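*Asks:* When you get a sec, could you give me coordinates for this:
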Amino acid sequence: MKRISLTGWIFTGMAAGIAIGLLWPGVGRELQILATIFLRLIKSIVAPLLFGTLVYGIAGTGDMKAMGRIGLKAIIYFEIVTTIALFLGLAVVNAIRPGVGLTVPTPAAVSGPAAAAPPAASPPSLVSILEHTFPASIADSMARNEVLQVVVFCFLFGAACAAIGEKARPVVDFAQSLAEVMFKYTHYVMYMAPLGVAGAMAATVATNGPTVLIQLGKLVLTTYGAQALFVAGVLLPAAWLTGVPVKRFFSAAKEPFVIAFSTASSESALPLALENMEKFGVPKHIVAFVLPTGYSFNLDGTTLYLSIASIFIAQVAGVHLSFGQQIVMMLTLMLTSKGVAGVPRSAFVILTGTLAAFGLPLEAASIILGVDALLDMARTSVNVLGNCLASAVVARWEGSRLEERALIPVGAADEPAL
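*Replies:* This next block holds a predicted model:
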């Protein structure tokens, strides 16, 4: 019989999770353990995989000038695309005005999941963000999966290996072997993906109930519509204009996209995205640098969500913000979202912290919390898709032809079959 692809198994798990959450909500809540186990296994991959791929990729080039050029091009692309996402979100939310007509709940009326809204926090300053970028201990950074700190360390470590040449050969060979071992380790972990997805969906539906799509349907539809518009109107033309093979790209990115959507965690999709984009044809040193760096600087979906959610809250609260005030708030949100870890709900914490700084009622944020799981799925999957494209665009900018490589993709040769 025809083998079922990993994507097929994941969609099957999503459908099963939704059915369990609707029919047996008690069981659905208990299945959260499956998602937790899957995410813990994924987290065990990230740090060693980044170390192996980055050190080998950077040391293998032996050209620090080229790596500096790649980094500059990546940052330019990141900032252009996230700025477009910011203005697109503002345009959509001001045109549709999904928050008009809703009322702010009083603190006494807030109960259930909304009562668990994260407390307000002051947005981090630029100085603290820059300080947090650099690791004090690489062991501590790896233990906490601080992606940006690991990237900075590996970049400098790889540069040092390249600078001393043959003396570093054993270390570089070890990094190459480590990367290959972690790719195989990822193969094994991906057997758990359909079960993890089923558990995550069952728990989400069971917790929020069948009305999760009705509570704030207008906001959900506005957000999903804006994310779809961004993919179709920004990412697709960017791929076409830079000569990225669109059909083959989306084929390579679909499995990381689906995993990110299902688990609402960018981290869960990173190992598969690294392998699939290298197979797609992005040179190892480019994909190993651009993808993890994009997890901190190229949060397209999160930027779009933050622009929509913040103005939605202002509309709910009846607070009129001028265009200038909206821009200042968006720039603040875009700055404070840099370096956010690829874990569920992190954008909501950033949102509530910034609301307090601009005098908007935190009670309004509790309205979003009920459907934040759905919004998180959309923004996270678009983040992953945008970062996969960023690696391909930078590769084309560097003159790569993006020729398909003979790697064994995760979920192909070793997939379970019916």
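*Asks:* From here on, just use CA atoms for contacts and neighbour counts.
*Replies:* Noted.
*Asks:* isn't Pro256 right up against Leu274?
*Replies:* No. Assessed by Cα atoms under 8 Å, Pro256 is found out of contact with Leu274, at 9.3 Å.
*Asks:* Which one's more surrounded, those two?
*Replies:* Leu274 (27 against 24; other Cα atoms under 10 Å).
*Asks:* so the more buried one touches Leu291, yeah?
*Replies:* Yes. Using Cα under 8 Å, Leu274 is in contact with Leu291, at 7.2 Å.
*Asks:* So what's the gap between the helix or strand hosting Ser44 and the chain middle?
*Replies:* Here Ser44 sits within helix 32-61, counting by DSSP states H and E. Counting by Cα atoms, centre = their mean, to the nearest Å, helix 32-61 is centred 14 Å from the centre of its parent chain.
*Asks:* buried set for the very next helix or strand once past it?
*Replies:* Sequence-wise, the next helix or strand downstream of helix 32-61 (DSSP H and E) is helix 64-96. For helix 64-96, burial by neighbour count (16 or more other Cα atoms under 10 Å) applies to 64, 67, 70-71, 73-75, 77-79, 81-90, 92-93.
*Asks:* again, but for stretch 315-334
*Replies:* Gln315, Val316, Ala317, Gly318, Gln326, Ile327, Met329, Met330, Leu331, Thr332, Leu333, Met334.
*Asks:* Looking at the residues you listed, spot the one nearest Met182.
*Replies:* Met334 (32.6 Å; Cα to Cα).
*Asks:* Quick check: which element contains the closest one?
*Replies:* Assigned by DSSP H and E, Met334 belongs to helix 323-336.
*Asks:* Report all helices and strands that that helix contacts.
*Replies:* If you count contacts as 3 or more Cα pairs under 8 Å, 6 or more residues apart in numbering; DSSP states H and E, helix 323-336 packs onto helix 300-317, helix 346-357.
*Asks:* Between those helices, which has the poorest mean confidence score?
*Replies:* The minimum mean pLDDT among the helices and strands packed on helix 323-336 belongs to helix 346-357 (a mean of 64).
*Asks:* hmm, back to that, hmm, which two among the buried residues of stretch 315-334 are most spread apart?
*Replies:* The widest separation within the buried residues of stretch 315-334 (Cα to Cα) is 23.5 Å, between Gly318 and Met334.
*Asks:* The stretch 151-300 of the chain: helices as residue ranges?
*Replies:* Along the stretch 151-300 of the chain, counting by DSSP state H, counting those that start in this stretch, helices occupy 169-189, 193-208, 217-230, 236-241, 246-263, 266-280, 284-297, 300-317.
*Asks:* Lowest average pLDDT across the ones you listed?
*Replies:* helix 193-208 (a mean of 79).
*Asks:* Report the angle between it and helix 266-280.
*Replies:* 150 degrees (axes from the mean of the first three to the mean of the last three Cα atoms, to 10 degrees).
*Asks:* can you list the residues that contact helix 193-208?
*Replies:* Applying Cα atoms under 8 Å, 6 or more residues apart in numbering, the contact partners of helix 193-208 are 9-22, 24-26, 28-39, 212, 259, 262-263, 370-371, 373.
*Asks:* Just the pLDDT for Val151.
*Replies:* We have a pLDDT of 77 for Val151.
*Asks:* quick one: Met192 and Phe38 touch, right?
*Replies:* Yes. Shown here, Met192 and Phe38 form a contact pair, counting by Cα under 8 Å, at 6.3 Å.
*Asks:* List the contacts of the residue lying closest to Phe78 once chain neighbours are set aside.
*Replies:* In space, Phe78 comes closest to Asn298 once its chain neighbours are excluded; the distance is 5.0 Å by Cα to Cα, 6 or more residues apart in numbering. Listed by Cα under 8 Å, 6+ apart, the contact partners of Asn298 are Phe78, Glu79, Val81, Thr82, Asn383, Gly386, Asn387.
*Asks:* Same question for Val55.
*Replies:* Contacts for Val55 (Cα under 8 Å, 6+ apart) come out as Cys154, Phe155, Phe157, Gly158, Val172, Ala175.
*Asks:* of those, closest to Ala59?
*Replies:* With Cα to Cα as the yardstick, the closest approach to Ala59 among the contacts of Val55 comes from Gly158, at 4.9 Å.
*Asks:* what about the closest one, neighbour count?
*Replies:* If you count neighbours by other Cα under 10 Å, Gly158 ends up with 28.
*Asks:* For Gly57, see how far away it is.
*Replies:* Gly158 is 8 Å from Gly57, where distance means Cα to Cα, to the nearest Å.
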